[in-house]
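Enquirer: got a predicted model here, sequence first, then my questions.
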Amino acid sequence: MEIKTNKFSFKDFLARFPEVSMPIVLGEESHHIFSQENKPLSQELVDTYIVPTGKDSPDEFTEYVPCFAIEGTEKFAAIVWWKASLLRYEYVLSTFTLKGDLINQRVIAFTEVGEGSIRRSVATINEDWEIYMAEGISSKETDQFEPGSTVTTSCEILVNGIIED
């Protein structure tokens, strides 16, 4: 049975995430485009479908922006939202059953501000649902990137909605 709140169903939640074809690149500023193009999420949608998937509790300053749904998933939904919290901004990829149950979730890109540095990660999702992520550190004072800090990782979304390394 599909999860249904007083006002909104899972389909209503998914409607805030327009389907896009791949490839797509998520960088530090990509959320600005999504926040201008997509309808915002109501607090009820956030509380019903996003908060239960997270490992931490959002505070009154946490913000969510619906980004997109990955086109071509038929047996599950794969969506990305942007989460802004104190000194950390992240793009979260989540997969759900068509009834609204969480299958899997992973942060695929982020910016994290530390005492003397900024960690940044960008992600590219291709047509085969493979996600390539590159992470690096820059100095907060000079914003100079430290080439030796680069780490690359990858994962993929399987046909059952599992996100696998």
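Expert: Happy to help now that I have it.

Enquirer: host element of the residue positioned nearest the centre of the chain?
Expert: Nearest to the geometric centre of the chain sits V92, at 2.2 Å (CA atoms, centre = their mean). Assigned by DSSP states H and E, V92 belongs to strand 88-96.

Enquirer: next one: E127
Expert: In this structure, E127 sits in neither a helix nor a strand according to DSSP H and E.

Enquirer: got a list of what the residue nearest to it when sequence neighbours are not counted touches?
Expert: Leaving aside its sequence neighbours, E127 sits nearest to M22 (CB to CB, 6 or more residues apart in numbering; 4.8 Å). Every C-beta, even on glycine, is put in place using the N, C-alpha and C of the backbone. M22 makes contact with I70, E71, I125, N126, E127, W129, according to CB atoms under 8 Å, 6 or more residues apart in numbering.

Enquirer: could you pull out the strands for the chain?
Expert: 19-20, 24-26, 63-70, 77-85, 88-96, 102-113, 117-125, 130-139, 145-157, 163-164 (DSSP state E).

Enquirer: would you turn the ones you listed into TSV with mean pLDDT and distance to S42?
Expert: Formatted as TSV, the strands of the chain follow (pLDDT from 0 to 100; distance: least, CB to CB, whole Å):
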stretch	mean pLDDT	distance to S42
strand 19-20	96	21
strand 24-26	97	24
strand 63-70	97	10
strand 77-85	96	13
strand 88-96	97	18
strand 102-113	96	19
strand 117-125	96	27
strand 130-139	95	28
strand 145-157	91	27
strand 163-164	98	26
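
Enquirer: looking at those, which is nearest to D47?
Expert: Nearest to D47 among these is strand 63-70 (10.5 Å), distances taken as CB to CB.

Enquirer: distance between the closest one and the chain's centre?
Expert: Relative to its chain's centre, strand 63-70 lies at 7 Å (CA atoms, centre = their mean, to the nearest Å).

Enquirer: direction included, what does it pair up with?
Expert: strand 19-20 (parallel), strand 77-85 (antiparallel) (DSSP bridges).

Enquirer: no further queries at this time; thank you.
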